[in-house]
Every structure is written in structure tokens, then in C-alpha cells.
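Peer 1: need a structure here:
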Amino acid sequence: MADTEESKFKFFVYIVESPSSVDLYHKRSESDLLRQAINLNLIPCIDRVAISREAFEAAIRVGLYEEMKKFPGLIPVIHISAHGFCDGIQLSNGEIIEWAQLRELVKPVNEALKGSLLICMSSCEGYSGSRMAMTTSEDEYPFFALVGNVGKPTWSETAIGFATFYHLISKGNFIIDSVEAMQVASGNADFYVTTAEQSRQAYLEFIENLDSQEAQTELEQDVQNEEPSRLAKLLELSNEQQP
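Peer 2: Predicted structure coming up:
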């Protein structure tokens with residue numbers, strides 16, 4: 001279902017890409033493909049390549065704010081394209097950025113946007129980025145909503161999926177409807193969306209009947225499994241309950 005022209009989500013896409021050595025060798029870039037698809041909808045799209053942690057942090061802390069000044073009437077969507085796993089992302093040079101570290105990078109952005117930041121994780125297990133909101137404190141949320149995959153999508157599935165997603169939200173479709181469409185377009189049903197509020201609530205419910213040590217032990221055991229964790233399944237259920 002699409003919104004009216006006046007109430008459309010007005011945004012630009014800010015891609016931070018950290019390609020693998022294989023992608024570099026084959027000169028394969030997700031940002032090149034997405035930029036062309038996004039620009040067809042007259043949506044600004046800026047991409048930055050971040051090989052190292054230093055470059056990645058600069059892209060978020062400096063580069064993003066520079067682009068926000070250029071597009072004062074648009075909300076940035078942060079799109080991160082990198083190798084991912086349950087604990088975070090791995091950059092081109094092998095450096096790891098854990099979810100807690102990424103949280104500290106994006107939280108000021110969400111605060112500046114008054115809680116409206118959308119993050120898209122184009123990576124394996126990118127949906128695990130929802131862990132950034134899984135705290136017991138009343139701290140500010142690091143994002144409004146996050147889109148990612150609970151499994152290990154192929155390069156083509158993520159590229160086609162997100163091209164579809166951005167096309168639809170640019171037309172005024174709701175985020176949850178656009179994610180369902182990207183599942184169909186990509187042929188991968190493991191793309192999901194969650195809000196930070198849903199993620200935190202699911203986490204609190206998860207630990208409600210467990211003491212902190214038992215919860216930590218169970219989480220560590222889940223990480224060792226190849227199937228989606230129990231937390232991902234809980235969040236999956238919360239998505240199904242959205243209107």
C-alpha cells in the first residue's frame with residue numbers, strides 16, 4: 001500500500017561499502033549497481049568505500065554529516081555492504097566492527113534525526129544488527145528500524161532485494177510491505193525488518209525468566225548454531241504482528 005505524495009518518506013541513501021578481496025578482484029561493487037537503480041527513482045545516492053576501521057568510522061562520523069548538509073530536507077538511510085556474521089561485520093582488511101561498536105557510531109546519527117534512522121544491512125546475518133538495540137538500559141535507541149537477512153544471502157540476492165526495497169519506499173510504500181516484496185524479488189525469504197523498540201522488547205522478554213548468566217550462556221550456544229538464533233525467531237514473530 002502506498003502513501004500519498006505529501007507523506008512519502010523523503011530520503012537519500014548513504015552506502016558504506018567494504019568489499020571482500022574476491023569482490024575487489026572481480027571489480028564487483030554493490031554500490032555501483034544500487035546507485036544506478038536508486039538514481040532511476042531520482043533519489044540521491046552517495047557511496048563511500050571503507051577498507052579499514054579508520055575509513056569506516058570517518059564515513060559515518062564525517063562523510064555522512066557532510067552529505068546531510070547537502071540534502072537538508074532529506075533523511076539519510078545508512079546502507080552497509082560488508083561481510084557479516086552474528087557478532088558484527090568484517091571490513092576488507094580483516095578488521096572487525098562489533099555491534100556494540102557500530103551502535104556507538106550510529107547512535108548520534110539517530111539522535112540528530114530525532115529517532116528516525118533507517119539502517120539497511122547488506123551482509124550475511126545482517127539482521128543480527130538488531131542486537132544494537134538489545135540492552136536493559138533506558139539508553140537512546142541507535143536506530144528506528146533495521147532491515148537485514150537472518151541467513152547468508154548471495155551477492156545477487158542482496159543487490160536485487162535492496163534495489164527493489166529502495167524502489168518501493170521511494171514510491172511511498174510502507175517499509176514492511178517493501179521488505180516482503182524484496183523477499184519475493186530476490187527469491188530469499190530471510191529478509192526481515194525490525195524496529196529498535198521491538199528488538200529491545202523481545203530481548204527483555206527473552207531474559208525475563210532467566211538470570212543474566214543463563215541468558216548469556218544460551219546466547220553463546222545460539223551463536224554456534226548455523227540456524228537463526230532464538231532471538232531472531234522472536235523478532236521474526238514481532239514482525240508478523242506489525243500492521
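
Peer 1: the longest helix in this protein is where?
Peer 2: helix 155-170 (DSSP state H).

Peer 1: okay, strands next: where are they in the protein?
Peer 2: In the chain, the strands defined using DSSP state E lie at 11-18, 45-49, 75-85, 88-90, 96-98, 118-122, 145-149, 191-195.

Peer 1: can I get those in TSV including mean pLDDT, distance to Ile207 and mean neighbour count?
Peer 2: Heads up, the C-betas are built off the backbone N, CA and C, glycines and all. Formatted as TSV, the strands of the chain follow (pLDDT from 0 to 100; distance: least, Cβ to Cβ, whole Å; neighbours: other Cβ atoms under 10 Å):
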stretch	mean pLDDT	distance to Ile207	mean neighbour count
strand 11-18	97	32	23
strand 45-49	96	37	19
strand 75-85	96	23	22
strand 88-90	97	21	22
strand 96-98	98	20	15
strand 118-122	98	24	25
strand 145-149	98	20	26
strand 191-195	97	17	26
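
Peer 1: tabulate the ones you listed (TSV), appending distance to Leu33.
Peer 2: Rendered in TSV, the data for those read as follows (distance: least, Cβ to Cβ, whole Å):
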stretch	distance to Leu33
strand 11-18	10
strand 45-49	11
strand 75-85	10
strand 88-90	20
strand 96-98	23
strand 118-122	11
strand 145-149	17
strand 191-195	17
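
Peer 1: out of those strands, which gets nearest to Met134?
Peer 2: Closest approach to Met134 among these (Cβ to Cβ): strand 191-195, 10.5 Å.

Peer 1: so how far is the closest one off the chain centroid?
Peer 2: 9 Å (Cα atoms, centre = their mean, to the nearest Å).

Peer 1: ok and that strand relative to strand 145-149, angle-wise?
Peer 2: Interaxial angle, strand 191-195 versus strand 145-149 (axes from the mean of the first three to the mean of the last three Cα atoms, to 10 degrees): 160 degrees.
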